[in-house]
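Visitor: coordinates for the following, if possible.
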Amino acid sequence: MLDTRLLLILGLLLSTGLKAQVDSAYMYSFGGGRDDFGRDMELTQDNGFILVGSTSSFGAGNSDVYLVKTDSALKRTWSVALGHGHLEVGRAVEISPIGGGYVICGYTNSIGNGGYDAYVLGTDPSGKLLWERTMGGFDWDFAHDLKPTSDGGYLVVGKTYSFSDNGKADGYIFKIKANGDLEWEKNLGSGGDDEFNRIIPTRDGNFAICGARQDTSMDGNPQNFWLVKMDETGKILFDAHYSYPISRSGHGIIENQKGEFVMVGIEVDEKLGVNNEYVMVADSTGKFVRHIDVLFGEKTDEMYDIVEGSSLYFTMGHTNSHGNGEPKGIFGARTISIDFNMQLVYGPVVGEGWYDKKMYTVRIKDGRRYGIGDVGSFENQYRDMGVIEYRSDTNAWRYGLSETYRFQDTTLDRTVAVENHETQADGFQLYPNPVSDRLIIQAPSINGPMNFHILDIRGSILEEYEIDFQGEAALDVSRLSQGSYILVIDGHIPLRFQK
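Guide: Now for the predicted structure:
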């Protein structure tokens with residue numbers, strides 16, 4: 001594992017002429033030689049974190065679910081890639097109350113019924129896969145978030161095209177047991193494009209869900225904030241949406257101490273071609289109370305999550321209206337603080353040159369804030385799963401990125417069962433096997449450009465080849481040590497060989 005520490009001190013001024021107070025923000029990134037993304041994080045019982053997203057650097061296909069465990073200082077403890085031959089994406093993670101493992105939701109197009117299916121999977125405390133399930137029909141279906149229920153199961157929300165009546169998306173809700181088996185599912189919608197993005201437990205033992213619901217009765221059919229409250233049996237307690245001529249989508253939600261629902265998201269100004277951050281408050285019955293239109297920038301500013309601190313709300317998102325990367329169109333991570341009277345306190349930006357930062361989830365631990373998303377790699381043109389830690393809550397408009405840590409996953413803790421892979425499949429055959437220096441791949445009826453990857457038994461990529469395959473090819477494997485290996489052809493055909 002490569003651990004490179006970069007020290008970046010920024011003293012920056014806002015275009016408003018206000019002097020920017022430089023403060024401390026620390027960044028931690030995880031990944032390999034290709035694109036890796038972060039989407040959710042939770043605190044673990046050992047005072048560390050569990051992170052989830054997707055990886056193209058490791059695993060069996062073009063993208064796998066990427067699960068990373070860290071200690072309290074955000075140093076990687078272990079990581080796994082979970083998936084199949086094509087694409088799997090992790091969107092949310094919860095700690096299982098049964099056995100202390102992890103339950104993840106997202107989507108897949110490797111297995112299941114349709115082009116994309118909602119994907120849920122469970123692991124043990126070390127990340128070993130225990131079960132996986134797909135949900136949905138023969139069209140596209142996605143899972144975006146999940147929360148545990150009182151009986152040990154989980155409510156999962158997202159969107160479905162399979163169960164909609166008109167080819168548009170509906171909000172999708174399904175309940176699974178502790179082992180992932182489906183108990184029930186339902187879809188809600190307006191006849192337009194609708195989706196659920198977040199679910200939270202409420203203080204009265206029920207659940208609140210936020211998302212976006214298209215208003216087909218208005219000119220332009222704008223999407224608007226959508227708030228649904230339900231119990232864990234699926235009974236709808238209220239279904240509220242908030243019509244407005246400009247599209248607004250809800251992405252994050254909390255229930256505050258007053259029992260109100262504070263939602264954050266994105267307002268789309270199609271005339272100006274920009275996105276703005278937006279905050280809305282509804283009372284305990286779903287009735288609109290007030291809102292904040294965060295019109296800070298002239299470009300794209302987006303807000304995805306919110307948490308409640310001891311005296312402030314903290315949001316998480318990203319901006320390319322502000323920050324050091326703005327002239328190049330680069331996004332900076334932004335956390336906005338709002339007091340309990342819904343007045344803005346500050347909106348610091350972490351942005352540095354070409355190092356793009358997009359944040360999607362915010363958590364609080366020991367008085368510090370943590371955001372997870374993806375960041376531009378410091379070593380290549382790809383992206384890494386990234387976590388930003390804010391260590392103080394001063395009224396700073398711009399945080400200086402005072403320290404940056406880089407954690408490179410050069411050895412991924414993922415066990416591949418070599419005995420489960422054949423030496424010939426789908427018309428391809430390997431010889432000699434065992435091999436000494438040259439491995440011959442033969443498939444007389446197959447021609448065209450192909451990608452080949454050699455993996456060790458932990459799933460780490462050792463060699464990559466791009467070959468114009470014409471029925472046969474030879475790979476130089478003289479640099480490999482003695483042992484067992486897997487050759488993956490075009491991301492989905494695994495073949496076993498020995499050296």
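Visitor: packing partners for the strand or helix carrying Ile364?
Guide: Using DSSP states H and E, Ile364 maps to strand 357-365. Here strand 357-365 touches strand 36-43, strand 301-308, strand 312-319, strand 332-334, strand 368-376, strand 383-390, going by 3 or more CB pairs under 8 Å, 6 or more residues apart in numbering; DSSP states H and E. Just so you know, the C-beta spots here come from the backbone N, C-alpha and C atoms, and that holds for glycine as well.
Visitor: what count of nearby residues applies to Asp269?
Guide: 12 (other CB atoms under 10 Å).
Visitor: I'd say it and Tyr244 touch.
Guide: No: contact criterion CB atoms under 8 Å: Asp269 and Tyr244 do not qualify, at 11.8 Å.
Visitor: in the stretch 301-450 of the chain, where is pLDDT below threshold?
Guide: Along the stretch 301-450 of the chain, segments meeting pLDDT under 70 span 322-330, 346-356, 377-381, 392-426.
Visitor: list the contacts of Ser311.
Guide: By CB atoms under 8 Å, 6 or more residues apart in numbering, the contact set of Ser311 is 339-340.
Visitor: contact partners of stretch 474-482?
Guide: Contacting residues not belonging to stretch 474-482 are listed as 435-441, 452, 454, 462-463, 465, 485, 487, 499 [CB under 8 Å, 6+ apart].
Visitor: rerun that using 7 Å as the cut-off
Guide: 435, 437-441, 452, 462, 465, 499 (CB atoms under 7 Å, 6 or more residues apart in numbering).
Visitor: biggest separation within those, which pair?
Guide: Ile440 and Leu462 (18.3 Å; CB to CB).
Visitor: which helices and strands sit right next to the longest strand that the chain contains?
Guide: Counting residues, the longest strand found in the chain (DSSP state E) is strand 438-455. Packing contacts for strand 438-455, counted by 3 or more CB pairs under 7 Å, 6 or more residues apart in numbering; DSSP states H and E, involve strand 428-431, strand 461-476, strand 484-489.
Visitor: for those strands, state which one has the densest average packing.
Guide: Of all the helices and strands packed on strand 438-455, strand 484-489 has the most neighbours on average by mean count of other CB atoms under 10 Å, namely a mean of 21.
Visitor: tell me the strands beside that one, with direction?
Guide: In the sheet, strand 484-489 lines up against strand 438-455 (antiparallel), strand 493-498 (antiparallel) (DSSP bridges).
Visitor: quick one on the thing from earlier: what's the closest of the contacts of stretch 474-482 to Gly99?
Guide: Leu462 (33.5 Å).
Visitor: you'd agree the closest one is up against His453?
Guide: No: with contact defined as CB atoms under 7 Å, Leu462 does not count as touching His453 (8.2 Å).
Visitor: quote the end-to-end distance of stretch 255-264.
Guide: 12 Å (CA to CA, to the nearest Å).
Visitor: now do stretch 471-490
Guide: 15 Å.
Visitor: again with stretch 313-333
Guide: Using CA to CA, the end-to-end distance of stretch 313-333 comes to 17 Å.
Visitor: could you check how far Ile461 is from Glu42?
Guide: The gap separating Ile461 from Glu42 is 28 Å, by CB to CB, to the nearest Å.
Visitor: for His84, same thing?
Guide: Noted for His84: a distance of 25 Å to Glu42, by CB to CB.
Visitor: state the number of residues packed around the nearest residue to Val80 once chain neighbours are set aside.
Guide: Of all residues not flanking Val80 in the chain, Gly127 sits nearest, at 3.9 Å (CB to CB, 6 or more residues apart in numbering). By the criterion of other CB under 10 Å, Gly127 has 21 neighbours.
Visitor: now do Val345
Guide: 14.
Visitor: am I right that it is in a strand?
Guide: Yes: assessed by DSSP: H, G, I helix; E, B strand; the rest coil, Val345 belongs to a strand.
Visitor: wait, it sits on Leu312?
Guide: Yes: look at Val345 against Leu312 with CB under 7 Å: they come within range, at 6.2 Å.
Visitor: quick check: buried residues in stretch 310-318?
Guide: Neighbour-count burial for stretch 310-318 flags 313-318 (criterion: 16 or more other CB atoms under 10 Å).
Visitor: with stretch 261-276 instead?
Guide: So, applying 16+ other CB under 10 Å, buried residues of stretch 261-276: 261-268, 274-276.
Visitor: can you check stretch 135-151 too?
Guide: Across stretch 135-151, burial judged by 16+ other CB under 10 Å covers 135-137, 139-149.
Visitor: what's the most distant pair in the residues you listed?
Guide: Maximum pairwise distance in the buried residues of stretch 135-151, criterion CB to CB, is 28.2 Å, between Asp139 and Pro148.
Visitor: what's opposite Phe314 in the beta bridge?
Guide: Those that pair with Phe314 in a beta bridge, by DSSP bridges, are Val307, Ser337.
Visitor: can you pull the contacts of it?
Guide: Contact partners of Phe314, counting by CB under 7 Å, 6+ apart, are 306-307, 335, 337, 362, 369.
Visitor: what's the answer for Lys499, then?
Guide: 434-435, 477, 480, 482-483, 485.
Visitor: of these, which is the nearest to Gly53?
Guide: For the contacts of Lys499, the nearest to Gly53 is Tyr485 (27.2 Å; CB to CB).
Visitor: wait, the closest one sits on Glu463?
Guide: No: between Tyr485 and Glu463 there is no contact under CB under 7 Å: 9.2 Å.
Visitor: what residues do these two have in common as contacts?
Guide: Both Tyr485 and Glu463 are in contact with Ile454, where contact means CB under 7 Å, 6+ apart.
Visitor: count of neighbours near Ile111?
Guide: Residues lying near Ile111 (other CB under 10 Å) number 15.
Visitor: same question for Asp366.
Guide: Neighbours of Asp366 using other CB under 10 Å come to 8.
Visitor: what of the one 10 residues further on?
Guide: Neighbour count of Gly376, defined by other CB under 10 Å: 21.
Visitor: next: Thr77.
Guide: 16.
Visitor: just the one 5 residues further on next, same as before
Guide: Neighbourhood size, Leu82 [other CB under 10 Å]: 24.
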